[in-house]
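**Q** Provide a 3D model corresponding to the input given below.
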Amino acid sequence: MVISGIALAGVAISLTLQEQQTKAARDERDRSTHRQMIYLTMGDRALAECLEPPNGPMPFERYRQIIFANLIMGRWYAAYQLGDVDDSTLRYTLERHFRGEIGRLHWEYGGHDWLRGAIGGNQRRAAAFAKIVKESYRAAVNAGPAIPAADYFISGGADLDPQNP
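**A** Modelled structure (predicted):
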């Protein structure tokens, strides 16, 4: 009787783990499909017109930058949901991200919609992520103007080799 109870508990645990693995695989498949579609739209204006229109007219290049920033945010969200990134690392990453013009534009453009669409799965982690992003964005805005994208890089100079600074 005890052995059959232990065996039944083992089967239940095994089924639960299998369900979690199946959901994780399905979620990754969906994210991968989404990424592929976004990459295609970033290179083709006609395909980009199949997405939701921007909140206001903007150059296609700027729209591409905002879409790519959205992919970056999505990656951080997934890493946070999985526990691969902790609160302090997320805050540090967002602090640096929101120093720049494109990061802020992305959040101004679609932050509200992004959070509304992204929250799912582990609700507690999603709410914590949302709170950290909102706080980080607010802190960056309060710290002063964003660094303009045109000022990110210098021209004419030699590129720094990260292997040989």
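
**Q** Just give me the neighbour total for the residue lying closest to Ser136 once chain neighbours are set aside.
**A** Nearest non-adjacent residue to Ser136, counting by CB to CB, 6 or more residues apart in numbering: Leu94, 3.6 Å away. (Each C-beta comes from the backbone N, C-alpha and C, glycine too.) Per other CB atoms under 10 Å, the neighbour tally for Leu94 reads 23.

**Q** Contact partners for Leu94?
**A** 76, 132-133, 136-137, 140 (CB atoms under 8 Å, 6 or more residues apart in numbering).

**Q** ditto for Met1
**A** Contacts of Met1 by CB under 8 Å, 6+ apart: none found.

**Q** Per-residue pLDDT of it, please?
**A** Looking at Met1, its pLDDT reads 73.

**Q** on that earlier part again, for the residue nearest to Ser136, which three-state class applies?
**A** helix (DSSP: H, G, I helix; E, B strand; the rest coil).

**Q** ok, it to Ala130 distance?
**A** 12 Å (CB to CB, to the nearest Å).

**Q** Kindly report the same for Asn142.
**A** Counting by CB to CB, the gap from Asn142 to Ala130 is 19 Å.

**Q** More neighbours: which of those two?
**A** Ala130 (17 against 7).

**Q** All set, thanks.
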